[in-house]
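In: Would you be able to build a 3D model of this:
(3 chains)
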Amino acid sequence: MLAYIIRRILQSVLVMLVVALVSFALFRFVGDPINSMVGQEATIADREALREQLGLNDPFLTQFATFIGRAAQGDFGISYRLQQPVMELILSRLPATLELALVSGVLAFVFGVGFGVYTALKRNGWLSNTIMTVSLIGVSLPTFLIGVLLIWVFAVELQWLPSFGRGDTVQIGGWTTGFLTATGRASIILPAITLGLYQMTLIMRLVRAEMLEVLRTDYIKFARARGLSNRAVHFGHALKNTMVPVITITGLQLGSIIAFSIITETVFQWPGVGALFINSVRFVDVPVMAAYLMLIALVFVVINLIVDLLYYVVDPRLRVDRAASRH
Amino acid sequence: MTDALLSVRNLRVEFPTRRGILTAIDDVSFDIMPGEVLGVVGESGAGKSLTGAAIIGLLEPPGRIAAGEILLKGQRIDNLDAEAMRRIRGKRIGMVFQDPLTSLNPLYTVAQQLIETIRTHADISEAEARSRAVALLDRVGIPAAARRIDDYPHHFSGGMRQRVVIALALCAEPELVIADEPTTALDVSVQSQIIDLIKEICAERGAAVMLITHDMGVIAETADRVAVLYAGRLAEIGPVREVITAAEHPYTAGLMGSIPTLTQDNARLVQIPGAMPRLNAIPQGCAFNPRCDRAFDRCFKDRPDPLDRGNGRKVACWLFDEVGAAAKEKANV
Amino acid sequence: MNRFARMWDSDIAWSFRHSPVAIVATIVALIIILGAVFAPWIAPYDPFDSASLNLMDGFTPPGEPNQFTGNVYLMGTDNQGRDIFSTILYGARISLFVGFAAVALGMFLGIGLGLLAGWRGGWVDSLLMRIADVQLSFPSILIALLIFGIARGFIPPSMREEVAIWVLIVSIGLSDWVQFARVVRGATMVEKSKEYVQAARVIGVHPARIVVKHILPNVMGPVLVIATIGLALAIIAEATLSFLGVGVPPTQPSLGTLIRIGQQYLFSGEWWIILFPSIALLLLALSVNLLGDWLRDALNPRLR
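Out: This next block holds a predicted model:
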């Protein structure tokens, strides 16, 4: 168990190093950092001095090491566009993105699993067929179109919910939350549905496919042959076995939700890191791009790690050392 | 035969496919008496497992019972609603599947699976169910049952797992156990142990056994009577001694010829030429006619019904029909 | 082999004839594709010819005569008086061009690298597959965005508009080679170990010939499925990037750009500016997706 965890952590560190290398290359070679930092009027001597001061003349590996050292401390430099420390920018916007991701992740998981199980069990019912057809449209519908559609219906026509922003927020320590105010809660509904819908259809289709697969297995047939109730067979046996692969993939979807929030945040002008990133791409704001890349990679790596450990807890077959100790 | 435990009457199982309906079991009838062991033999695809699935009500859609009846102690069970049939499964008819490696849910301990099954069919406490489960595991030959019961299936070897499966099939004390190729997936060394266990434990509890296998040797050692299926049809049925020593249907005779025996060690094993027809290409008349060396004109025209040969034997072959035999004599002259 | 191929062929044909979804999807996709290809001949107006535009025609609702000029437009006009129907035809042209080109690039790269990885094995294989793993764990839209951002960094600002569409194609193409590479690599490794390939190598047949004659035909089915679904994804990716304002420049609006423009007028009640391009995009993506889905099922009966 311990060896397994250590191996997984080492792999994660390796992935982070590769991403750091890409970030660094971005940082170092895309455009000329000096040009971005000083105006056109700076003299060549000034530029050279700044170069030396920033360590841009050092050997590649030294620069890379410095970059990693700073990144580990959360120092990604100053945004070219906003002239603020990148880390400060990201931290101030992170709560908005995480709250959005959390709400839509829960929505996607609950409805995805629910619909997936329903459509697998009632395979040819009209409701199942309707859900499946709608889900196919959901997969084909680009996220931004879903957002625009929801805005049109619920914000423009019905005027029930706000169409942009986070509403009022409350500051708790370093965290701003929208959960505690009425406008904050109303504001998160449309973006959360938009962001969660695509993931929900994915989870639903996955749950359905896995569940159908499990329902065909011998142990389900044997469970039926023993006269267990449908409830016990479907929810006690089939669902539990379905959840093993579903948890892995759903967990990984959580990272995707944070990545996809780029689109939703743009549609709803949600003040999160995704919107920050898209602006950095638009204006070639390299430090922000590099930091966002590192951040999202870290999120993915951590989620991967957690999912792996969860998988281990759910599936007893993987607990090899426990088995060994019993014999 | 009104005292039969299970009666299968003119059973027909069909699979609608996009190229027409396939008849996988066609007009099969047989009885199982209380406490008896009925062997069901045939090649793969002959309809043995489907017959078992039809009896216990677990045909996979789109397969369906298209005609015939199945009676358990005189009561029809083929047309019961899902809930009533569920109460019969496990409680009155138990089933053992072929592959013990895949028959057990890998995510639950043996105890969880046993206790769940026992408590589904009997209104008893968890502790009571557990002590019954331990006793049963002990009976099926799991060493240190009280400790091993909390292990997961993957902690057991194949043979041990099949013992667990047998315990699960028997834990609600069914009157009939359908064992579908219970040893095919096992090591040769444990096969006979498992067969003996099924036979002993069922005899102890007075449960009848429908033993589905393609192994004539297992039937010879275990069964009281044997039913031979060919291409979804009943070829021959009768007491196992008689069928083995004096097979009447040419197909059964061919099967017997393929068992090695100690007494005729120098004789070559007989092989039946050809292969069983696919379900969409069953010939007119007797399904066995293309492979039968004794077939005559009538075999290619009409399908033979099982003919009563006395002493509970039935054979579906024109060779044993008076008129047919006479016609054959004439043709040979 | 020939007989088998014919049977397989007829199965596909059978499956197509009996799938109303596939037939409808094909018809819809064909109508949009043909409309896009022949846009210059079909479109009633040239939305890019500023000389023919009349600002007075702006914001004409669909099917109603304009209050100043009396002109009637099937789907109305946008703020600059451009005919929406014509901009959709031209927009679909750009969306489809980017989509097809990106898939072609991804397919070309994926097949090439997949063959290389499968045939050579060893460290080449490990390296390529590790890259694929890492890339696959991130959503492709993120990869495309990133490549887009990096590429823009290298291109002088004065040229960014001009080459934007090519940058977009490369970004999307590079983000979806992995699926192709994995399938091709798997098939290559299977075929490579077969005796006839071993024999061909022994008698000195050039590897390229073995690959083209024996391995490629085996992977055409899965590659076709991936390419079809990939086309839908590429069209959506292009629309998304353009919607986010980092795709094609507004002077060459794709469907995504049109939707981006239309969103600004949603609140003031000019719903047609956004509605019709959205429907066009949805129909295009949905029909291609359905076709891909059908194709996958038809080639893999077990999955049904």
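In: Next, count neighbours for residue B:160.
Out: Counted with other Cβ atoms under 10 Å in any protein chain shown, the neighbours of residue B:160 add up to 21. For the C-beta atoms, the positions are set from N, CA and C on the backbone; glycine is no exception.
In: Just the element for it, please.
Out: helix B:158-170 (DSSP states H and E).
In: which other helices and strands contact that helix?
Out: helix A:218-225, strand B:93-96, helix B:100-103, helix B:110-121, helix B:126-139, helix B:188-205 (3 or more Cβ pairs under 8 Å, 6 or more residues apart in numbering or on different chains; DSSP states H and E).
In: tell me the angle of it relative to helix B:188-205?
Out: Per axes from the mean of the first three to the mean of the last three Cα atoms, to 10 degrees, the angle that helix B:158-170 makes with helix B:188-205 is 20 degrees.
In: per-residue confidence averaged over whichever helix or strand comes after helix B:158-170?
Out: Downstream of helix B:158-170, the first helix or strand assigned by DSSP H and E is strand B:176-180. On average, the pLDDT along strand B:176-180 is 92.
In: Starting from strand B:176-180, tell me which strands it pairs with and how they run.
Out: strand B:93-96 (parallel), strand B:208-212 (parallel) (DSSP bridges).
In: out of those strands, nearest to residue C:291?
Out: strand B:93-96 (43.5 Å; Cβ to Cβ).
In: could you show me where the helices are in the chain, in order?
Out: No chain was given, so I picked chain A. Along chain A, the segments classed as helices by DSSP state H run A:2-29, A:33-37, A:44-54, A:60-72, A:86-121, A:126-140, A:143-150, A:182-215, A:218-225, A:230-231, A:239-268, A:273-282, A:286-314, A:320-326.
In: Hmm, no, I was thinking of chain B.
Out: Counting by DSSP H, the helices of chain B are B:48-56, B:82-88, B:100-103, B:110-121, B:126-139, B:145-148, B:158-170, B:188-205, B:216-222, B:240-245, B:250-257, B:297-301, B:322-332.
In: Same question for the stretch 201-304 of chain C.
Out: C:207-210, C:216-244, C:255-263, C:272-299 (DSSP state H, counting those that start in this stretch).
In: Point out the most buried one among those.
Out: helix C:255-263 (a mean of 26; mean count of other Cβ atoms under 10 Å in any protein chain shown).
In: Kindly report the residues of chain A close to chain C.
Out: A:15, A:18, A:26, A:30-31, A:136-137, A:139-145, A:148-149, A:151-152, A:156, A:163, A:252, A:255-256, A:259-260, A:262-263, A:266, A:277-278, A:280-282, A:284, A:286, A:289, A:293, A:296, A:300, A:304 (Cβ under 8 Å from any Cβ of the partner chain).
In: Of those, select the buried ones using a ChimeraX command.
Out: Buried residues among the residues of chain A next to chain C (16 or more other Cβ atoms under 10 Å in any protein chain shown), as a ChimeraX selection:
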select /A:15,26,30,31,136,139,140,141,142,143,144,145,148,149,151,152,163,255,256,259,260,262,263,266,277,278,280,281,284,286,289,293,296,300,304
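In: Skipping its backbone neighbours, what lies nearest the residue in the stretch 101-250 of chain B that chain A sits nearest to in space?
Out: Nearest residue of the stretch 101-250 of chain B to chain A, counting by Cβ to the nearest Cβ: residue B:102, 4.0 Å away. Leaving aside its chain neighbours, residue B:102 sits nearest to residue A:218 (4.0 Å; criterion: Cβ to Cβ, 6 or more residues apart in numbering or on different chains).
In: check contacts around the one you found.
Out: B:97, B:98, B:99, B:102, B:103 (Cβ atoms under 8 Å, 6 or more residues apart in numbering or on different chains).
In: If you tally nearby residues, what's the number for the residue in chain A that chain B sits nearest to?
Out: Among all residues of chain A, residue A:227 sits closest to chain B, at 3.0 Å; criterion: Cβ to the nearest Cβ. When neighbours are defined as other Cβ under 10 Å, residue A:227 has 25 of them.
In: how close does the residue of the stretch 51-200 of chain B found nearest chain C get to residue A:124?
Out: The nearest approach of the stretch 51-200 of chain B to chain C comes at residue B:62, 12.5 Å away (Cβ to the nearest Cβ). To residue A:124, residue B:62 is 11 Å away according to Cβ to Cβ, to the nearest Å.
In: Looking only at neighbour counts, state which of those two leads.
Out: residue B:62 (11 against 8).
In: Make sure that one is actually in contact with residue B:15.
Out: Yes: using Cβ atoms under 8 Å as the test, residue B:62 is close enough to residue B:15 to be in contact (5.9 Å).
In: what residues are up against whatever residue of the stretch 151-300 of chain B ends up closest to chain C?
Out: The nearest approach of the stretch 151-300 of chain B to chain C comes at residue B:280, 15.2 Å away (Cβ to the nearest Cβ). Residues near residue B:280 by Cβ under 8 Å, 6+ apart: B:19, B:20, B:22.
In: can you put those in a markdown table and add neighbour count?
Out: As requested, the contacts of residue B:280 are exported to a markdown table (neighbours: other Cβ atoms under 10 Å in any protein chain shown):
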| residue | neighbour count |
| --- | --- |
| B:19 | 8 |
| B:20 | 8 |
| B:22 | 17 |
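In: Among those, which one sits closest to chain C?
Out: residue B:19 (9.8 Å).
In: mind checking how far the closest one is from chain A?
Out: Note on residue B:19: its distance to chain A, by Cβ to the nearest Cβ, to the nearest Å, is 21 Å.
In: Quick check: nearest residue in space to that residue, chain neighbours excluded?
Out: Nearest one to residue B:19, counting by Cβ to Cβ, 6+ apart, is residue B:280 at 7.2 Å.
In: ok, now residue C:160?
Out: In space, residue C:160 is closest to residue C:152, 6.1 Å off (Cβ to Cβ, 6+ apart).
In: Could you verify my assumption that that neighbour touches residue A:281?
Out: Yes: when contacts are counted by Cβ under 8 Å, residue C:152 is listed as touching residue A:281 (7.3 Å).
In: Leaving out the residues flanking it, which one is nearest to the residue in the stretch 1-150 of chain B positioned nearest to chain A?
Out: Per Cβ to the nearest Cβ, residue B:90 is where the stretch 1-150 of chain B lies closest to chain A, at 3.0 Å. Excluding the flanking residues, the one nearest residue B:90 by Cβ to Cβ, 6+ apart is residue A:227, at 3.0 Å.
In: Now that neighbour. Its backbone dihedrals?
Out: Note on residue A:227: its backbone torsions stand at phi 80, psi 20 [degrees, to the nearest 10].
In: Verify the stated contact: it with residue B:87.
Out: Yes: contact between residue A:227 and residue B:87 holds when scored by Cβ under 8 Å: they sit 6.5 Å apart.
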